[in-house]
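Provided below for reference: sequence and predicted model.
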Amino acid sequence: MPLIKFLRSTVGLKIIMGLTGAALFAFTVIHMVGNLQIFLGQEALNNYAQMLHASDEVIWGFRLGLGAVAALHILCAVVLTIRNRAARGKESYAEYAAPGASLASRTMAVSGVIVAAFIIFHLLHFTTQTIDPSFKELTEIHKGAERHDVYAMVIKGFSVTWVSVFYIISVALVSFHLSHGIASCFRSMGLTNPAYREVQEWFGLAFAIIIFVGMAAVPAAVLLGLVKL
Amino acid sequence: MSTTSNSMTFNIRIWRQKNAQTPGKLVEYKLDGISPDMSFLEMLDQLNERLYAKGEEPVAFDHDCREGICGMCSLNVNGIPHGPDSQVTICQTHMRIFKDGQTITIEPWRSTAFPVIKDCVVNRSAFDRIIQAGGFVSVNTGGTPDANALPISKEIADLAMDAAACIGCGACVAACKNSSALLFVSAKASQLNLLPQGKAEKDRRVLKMVETMDAEGFGACTNTNSCEAVCPKGIPVTFIAQLNRDYAWAMLKGAAAEPKATVGGA
Ligand code: HEM
Ligand code: SF4
Ligand code: FES
């Protein structure tokens, strides 16, 4: 069976890492654009949030799909990391210069695990609102109907200094993971050739920076009092 | 070139290991009277002559052509396979690039798939088995075809030649944090896949070579670029992307790694 062979081979697993990594990257960009609507004001952000939650089917379909993608990404990462360690062997070099390799490329597993921990915190914070259940009571009246006030929740959440600092450090790590990951996923998917290689490397670096700036902007703006209730 | 006015001294830390079963260790030797014009391997010959004169066992290391084409030499020098000089094998590296009095650490390639046989010699027959699995074209006997019977564009011919420059030394594996053999495998598959003579067996070749590579215990590619940085022939990592693409296509087509027996035999 070709599929079984594919799932067993390092090349097949890396193609899956590449595909899922690319999907997570695309989601991250969309998520960032969504977040930035906070700068358009309370009305704009809350409309956007209400639109996302308009249909249970759509949002749950999306959540399950994204969850499956993330699970596959992590599963392949674990399997490959174990195989890679075994391939290196018991005897390690007395001196190892890791020639040509960026720090980000050598620490994808570490940055990935920290990013995973951050994602769990983030979901408990703003999605399930378990960390601060008072978020659930933040509502506003819009066109005669009550709706969740996401704008107020974000400002309340990021007014706690350590939370904002933690988010900024975490998105820096996401950006670090992506500074290698974006260019790498093109190669894993087989979409690189000598003509495109350099463009993809610049694209990866540029988007890693854009994501850091765009994601850190929200907690930073709240901390600095640039957006307030 | 006078050794008296221009001689260098080195502190050589080199891996000594009796055989595959015995654990090894780094051993230090002081070595003087080395000419800057000596090659790295000539420097090791000097060390061995002196060890021999003292009745000690010389250091075993692989070498053959000493002109950068056979792929036998395989030393990790100061943490870099083939040493600090870029796009050069260690046999073509000269002592003048080192500083007088410097400590030079010399280790064998490290990888589960390349076990140490003795001192700095490792067993690289895993590479031979990958080649046996698909790094060939099946050519029927008969008259020699005309050289111009198969048109090949200059771009493709050049690209295939770039891939064919691989000498199979294994530095790519030695440099990779995952001991991935993909630079080697992608070069050896692409040099044939790119050309009309190799196209017929392309899918099967890619599937078999990747399968064998995995079975030999090499790791996956994290795209760190370490392989490319140490490759003495400057093989670019874009061949790895090409192999990934060829592998994905072969899988999508449901190609089989083994040719199917046809009715009436083939
Ligand atoms: C949730 C926890 C995560 C873990 C444990 C993780 C782990 C990893 C690891 C280990 C690699 C390198 C694989 C290799 O050895 O080649 C990798 C690659 C990658 N990751 Fe993640 N990651 C995580 C989350 C993310 C997220 C949230 C994104 C996007 C924002 C992302 C995007 C990527 C991309 C684009 C790649 C490159 C894929 C490739 O090399 O083909 N990852 N990840
Ligand atoms: S790809 Fe380069 S480093 Fe790897 S075996 Fe071939 S010549 Fe040596
Ligand atoms: S000894 Fe032949 S390449 Fe170095």
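Now that the structure is in, tell me what you want to look at. Everything quoted here is computed from the prediction, not taken from an experiment. Ligands and ions are numbered 1, 2, ... in the order given.

Say whether ligand 1 is contacted by the helix or strand hosting residue A:58.
Assigned by DSSP states H and E, residue A:58 belongs to helix A:56-88. Yes: counting by C-beta under 6 Å from any ligand atom, ligand 1 is contacted by helix A:56-88 at A:70, A:73-74, A:77, A:80-81. The way it works is simple: take the backbone N, C-alpha and C, and place the C-beta from them, glycine included.

swap in stretch B:176-195?
No: against ligand 1, stretch B:176-195 shows no contacts by C-beta under 6 Å from any ligand atom, the least distance being 7.0 Å.

starting at the chain centroid, how far to that stretch?
Distance of stretch B:176-195 from its chain centroid, counting by C-alpha atoms, centre = their mean, to the nearest Å, is 11 Å.

Contacts only, for residue A:193.
Residues near residue A:193 by C-beta atoms under 8 Å, 6 or more residues apart in numbering or on different chains: B:238, B:241-242.

should've said residue A:184
A:18, A:21, A:105, A:204, B:222-223.

what do you get for residue B:170?
By C-beta under 8 Å, 6+ apart, the contact list for residue B:170 reads B:71, B:74, B:109, B:111, B:114, B:122, B:124, B:127, B:181, B:184.

what about the nearest residue in space to the first one that is not next to it in sequence, distance to ligand 3?
The shortest distance from residue B:71 to any non-neighbouring residue, by C-beta to C-beta, 6 or more residues apart in numbering or on different chains, is to residue B:167 (3.4 Å). Spatial separation of residue B:167 from ligand 3 under the definition C-beta to the nearest ligand atom, to the nearest Å is 6 Å.

Residue B:148: which element?
In this assignment (DSSP H and E), residue B:148 forms part of neither any helix nor any strand.

what does the one 10 residues further on give?
For residue B:158, the host element (DSSP H and E) is helix B:154-164.

next one: residue B:28
Under the criterion of DSSP H and E, residue B:28 resides in strand B:25-34.

Please name every helix or strand in contact with the following helix or strand past that strand.
Next in sequence after strand B:25-34, counting helices and strands by DSSP H and E, comes helix B:40-53. Helix B:40-53 sits against strand B:8-16, strand B:25-34, with contacts defined as 3 or more C-beta pairs under 8 Å, 6 or more residues apart in numbering or on different chains; DSSP states H and E.

can I assume residue B:37 is in contact with residue B:95?
Yes: taking C-beta atoms under 8 Å as the definition, residue B:37 is a contact partner of residue B:95 at 7.4 Å.

Just the helices from the stretch 101-250 of chain B, written as ranges.
For the stretch 101-250 of chain B, the helices defined by DSSP state H, counting those that start in this stretch occupy B:125-134, B:154-164, B:171-175, B:182-193, B:196-199, B:202-215, B:226-230, B:238-252.

I meant chain A, not that one.
A:2-8, A:10-35, A:42-52, A:56-88, A:103-106, A:108-122, A:150-158, A:161-188, A:197-223 (DSSP state H).

can you put those helices in TSV and add mean pLDDT and distance to ligand 2?
Converted to TSV, those look like this (pLDDT from 0 to 100; distance: least, C-beta to the nearest ligand atom, whole Å):
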stretch	mean pLDDT	distance to ligand 2
helix A:2-8	90	24
helix A:10-35	98	16
helix A:42-52	96	49
helix A:56-88	97	15
helix A:103-106	98	18
helix A:108-122	98	22
helix A:150-158	97	50
helix A:161-188	98	16
helix A:197-223	98	17
